[in-house]
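1. sequence plus predicted model, see below.
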Amino acid sequence: MKTIEQVEEIMTIPSNELIEDLKKLDGDIMILGVAGKMGPTLAKMAVRALKEGTIPKRVIGVSRFSSGTLQSELEQAGVETIAADLLDDQQLMGLPDVKNIIYMAGTKFGTKGNEHNTWAMNAYLPGRVAEKFKQSRIVVFSTGNVYPLVPVATGGCDENHSVNPIGEYAQSCLGRERIFTNFSLKNQTPLTIFRLNYAIDMRYGVLLEIARQVYAGKTVDLTMGHVNVIWQGDANEYAIRSLLLANTPPEILNVTGPETISVRWLAEQFGKAFNKEVSFANEEQPTALLNNSGKAHKLFGYPRVSLNQMIEWTAEWVAGGGVTINKPTHFQERQGAY
């Protein structure tokens, strides 16, 4: 893949399983916070699935759309758009009532020094959204950061593992879950809590960061020695299909790839691809932020895009000077400071 258009074409291909699930779903779909990293491709995938299945449903994307051309790009792809500031209560309450909500709004980067806004977005706004859409079913994007660091040998936290978030960003994400859960129980609103960590796009993500370090001859830090990743297209599909899982009490779903991946091994794979020596700093710690998504794989099947394919595509992208989104994941962070 050499262009953004090629990336998005592959990333938004719907599976037959997604199309069949959308046939079972009653009502239209609204994506709140559609302008984030994953929202545009999720919306486009949903539209493609509806078209291919000749399913008469609408996909509506809501964001401030304060700059750039994304709003017109989504409209051209068949996504209806509404420009609204979700923190403005009048604008939020003025949104149309839609049966299916995918909630993607939230803040991570820039939390340090701006904690108040992070809490407003991640823990206050969910209560307003839950009250507005009490008659809907909702998939709430969350994060594996609500779990603690665990021994690598355990294979990661499953949905039954106790939460213990490190740092204010992760704490505010647990706050989001708790607030949505409160209103799910109060109003009998069906909910799926979607705990995702590390979706991969050619333009962003753990693999891109490691590949760029290796390509530039920089030292790779091994302090967070193991990670999980999943192709963004697979994560998007799981999210849309998770609408059918929504329940009260909420269904909790971990979402990532099946492997516990060594950062050292990843760097060495990119070293081979670029024919470059790799240098490392620090040693792997015995614990890491790891997510066990066996439940999601049982429900939806294994990701369609393999780890080796992601590595190959990422190496090609970096070597070819592909466009990137300048937002580091901070996957190395062990103290929760974002």
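-> Great, that's in hand.
2. pretty sure T107 belongs to a strand, no?
-> No: counting by DSSP: H, G, I helix; E, B strand; the rest coil, one finds T107 to be coil, located in no strand.
3. look at the nearest residue to it once chain neighbours are set aside and say how many residues are nearby.
-> Once flanking residues are discounted, T107 sits nearest to M121: 4.3 Å by C-beta to C-beta, 6 or more residues apart in numbering. Yep, even glycine has a C-beta here, placed from its N, CA and C like the rest. Neighbour count of M121, defined by other C-beta atoms under 10 Å: 20.
4. again, but for D85
-> The number of residues packed around D85, counting by other C-beta under 10 Å, is 13.
5. if we can go back for a sec, distance of the residue nearest to T107 relative to A319?
-> 37 Å (C-beta to C-beta, to the nearest Å).
6. same question for V220.
-> Separation of V220 from A319 (C-beta to C-beta): 17 Å.
7. so K276 touches G217, yeah?
-> Yes: the criterion here is C-beta atoms under 8 Å, and K276 meets it with G217 at 6.7 Å.
8. what about those two, which has more around it?
-> Set K276 next to G217 and count neighbours by other C-beta under 10 Å: K276 wins out with 14 against 11.
9. burial count for G106?
-> 22.
10. so what's it closest to, chain neighbours aside?
-> Counting by C-beta to C-beta, 6+ apart, the residue nearest G106 is N122, at 5.3 Å.
11. could you confirm the one you found falls within a strand?
-> No: going by three-state DSSP, the assignment for N122 is helix, not a strand.
12. how far does stretch 72-86 stretch from one end to the other?
-> Taking C-alpha to C-alpha, to the nearest Å, stretch 72-86 runs 20 Å from one end to the other.
13. and C157, how far from T287?
-> Using C-beta to C-beta, C157 is found at 11 Å from T287.
14. likewise for T223?
-> To T287, T223 is 11 Å away according to C-beta to C-beta.
15. for stretch 123-142, what is the average pLDDT?
-> Here stretch 123-142 scores 98 as its mean pLDDT.
16. starting at the chain centroid, how far to that stretch?
-> 17 Å (C-alpha atoms, centre = their mean, to the nearest Å).
17. buried residues, that stretch. List them.
-> Applying a neighbour-count criterion of 16 or more other C-beta atoms under 10 Å, one finds 123-130, 132-133, 136-142 buried in stretch 123-142.
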